[in-house]
Structures are given as structure tokens and as C-alpha cells.
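In: below are the sequence and a predicted model; questions follow.
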Amino acid sequence: MTKRKVGDILSVTSLLPAIISVIFFFLKRGPDFDIYFAIAVFSILSLIGIIFAVISLFISRKRIFGWFGLIANVLVLIFAYLLQLAMGIGEP
């Protein structure tokens, strides 16, 4: 497998953690769900997606999927941070 092909695969797979995070958010919401587990899942998935996106930006020539993956995963990480901040403010 060539270096360029690996970069193309990584650029497409960098979008998957962001999509999985959105699906996880809509499936596992409710008052009885552990929010700290969700924050951990969002953070881990977005960090994996950011790593894939950065590697694909260095390797691949098709950079549009890498940029979309990077932006989507950074937005998920910001969402997780704001959720963590809200949980810290909301608790007595």
C-alpha cells in the first residue's frame, strides 16, 4: 500500500470519530445516564480523530477530508470541554 493511499484512508477515517460522537450523543441521552462517561467518550474519540486528521494532512494530497475531520473533531472536543465546565459549575 502506498503512502498516498494510507493518507487517503486516514483522512476518511478521521471523520468517523466525530460521526460516532454525534450518534452516541443522540442515543445515550437522558437523566439517568452518567455524563462523565459521555465526556470521556467524546474526548477520547475526538483525540483519536484529531491524530488521524493531522497524520492524513501530512501524508495525503487530498486534504479536504483531513480538514473536515480536524474541524469536526476539534468542535467535538470543545463541546466535551464545555460540558465538563458546565458540570463543574453546576455541582455544589
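Out: All right, it came through fine.
In: use CA for all of it now, contacts and neighbours both
Out: Noted.
In: what does stretch 79-89 contact?
Out: The list of residues contacting stretch 79-89 from outside it, by CA atoms under 8 Å, 6 or more residues apart in numbering, reads Tyr36, Ile39, Phe42, Ser43.
In: likewise stretch 69-78?
Out: By CA under 8 Å, 6+ apart, the residues outside stretch 69-78 that reach it are 11-12, 14-15, 17-18, 21, 42-43, 46-47, 49-50, 53-54.
In: got the phi/psi numbers for Pro31?
Out: Here is the backbone geometry of Pro31 (degrees, to the nearest 10): phi -70, psi -20.
In: count of neighbours near it?
Out: When neighbours are defined as other CA atoms under 10 Å, Pro31 has 7 of them.
In: confidence score at it?
Out: At Pro31, the pLDDT value in this model is 82.
In: start at 49 instead
Out: Right, with 49 as the first residue, what we last looked at is Pro79.
In: right, and the helix or strand after the helix or strand bottoming out on mean pLDDT in the chain?
Out: Among the helical and strand segments of the chain, the one scoring lowest on mean pLDDT, DSSP states H and E is helix 51-61, with a mean of 85. With elements assigned by DSSP states H and E, the helix or strand that comes after helix 51-61 is helix 64-75.
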